[in-house]
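Novice: Predicted model follows, preceded by the sequence.
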Amino acid sequence: MAQFPTLSLRSVRLGSGIVLSIALLFTILALATPAWIVGANHSFGLFQVRSDETVVDVVRFDEVNVTIAFIVIAMISLVPASVLVIVAAKVKEQEKQAKIGGAVAVVAAVSLLIAMSVYTDHWKDRIDVAGDFNWGYSYVLGWVAFCLTLIVGPVAIFAN
């Protein structure tokens, strides 16, 4: 019977820390890039609207401000979460750090969920997937960052 290779605890923690770092990168890119909603000649970001060659600042609704605030909270949470999980992978007997890092990652996941849900709810009736406007890559990066964080946070907590 073939045996499958087993992953060491250090490998799982290191992998978790790397994935959390990638989620942090995706979160930063989602916040900074101007393609949350895209159209033929327009792209709407959280801070700017681009139309052909013209760039103007966004008149932000409360929902967009809430989205920005919760993305910033997620970014602030993902930094120590990544560091704690990676340090726990490098230093022996650091289960407590890995669990704390995982718990902070879950806080980041909840923050991203709130941010993305508020933004989606605000714009869902204005998006015509078959028509002029669609969700852009910045929006997709936000949801991917949420998914990565939601999966890896519990893994970091319970992989001890």
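Specialist: Received, thanks.

Novice: Please identify the buried residues of stretch 69-84?
Specialist: Neighbour counts over stretch 69-84 (16 or more other CB atoms under 10 Å) mark Phe70, Ile71, Ile73, Ala74, Met75, Ser77, Leu78, Ala81, Ser82, Val83, Leu84 as buried. Heads up, the C-betas are built off the backbone N, CA and C, glycines and all.

Novice: Please report the distance of the fourth one from Ala30.
Specialist: Per CB to CB, to the nearest Å, Ala74 is found 10 Å from Ala30.

Novice: what is in contact with those two at once?
Specialist: Shared contacts of Ala74 and Ala30 (CB atoms under 8 Å, 6 or more residues apart in numbering): Ala145.

Novice: quick one on the thing from earlier: of the buried residues of stretch 69-84, which belong to helices?
Specialist: Counting by DSSP state H, the part of these found in helices is Phe70, Ile71, Ile73, Ala74, Met75, Ser77, Leu78, Ala81, Ser82, Val83, Leu84.

Novice: Apart from its neighbours in sequence, what residue is nearest the fifth one?
Specialist: With sequence-adjacent residues excluded and distances taken as CB to CB, 6 or more residues apart in numbering, Met75 is closest to Thr27, at 5.3 Å.

Novice: Might you report the residue contacts of the one you found?
Specialist: Ile71, Ala74, Met75, Leu78, Leu112, Leu141, Gly142, Ala145.

Novice: Any chance of CSV for the ones in helices among the buried residues of stretch 69-84, columns pLDDT?
Specialist: Converted to CSV, those look like this (pLDDT from 0 to 100):
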residue, pLDDT
Phe70, 97
Ile71, 97
Ile73, 97
Ala74, 97
Met75, 97
Ser77, 97
Leu78, 96
Ala81, 95
Ser82, 94
Val83, 93
Leu84, 92
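
Novice: Thanks a lot, see you next time.
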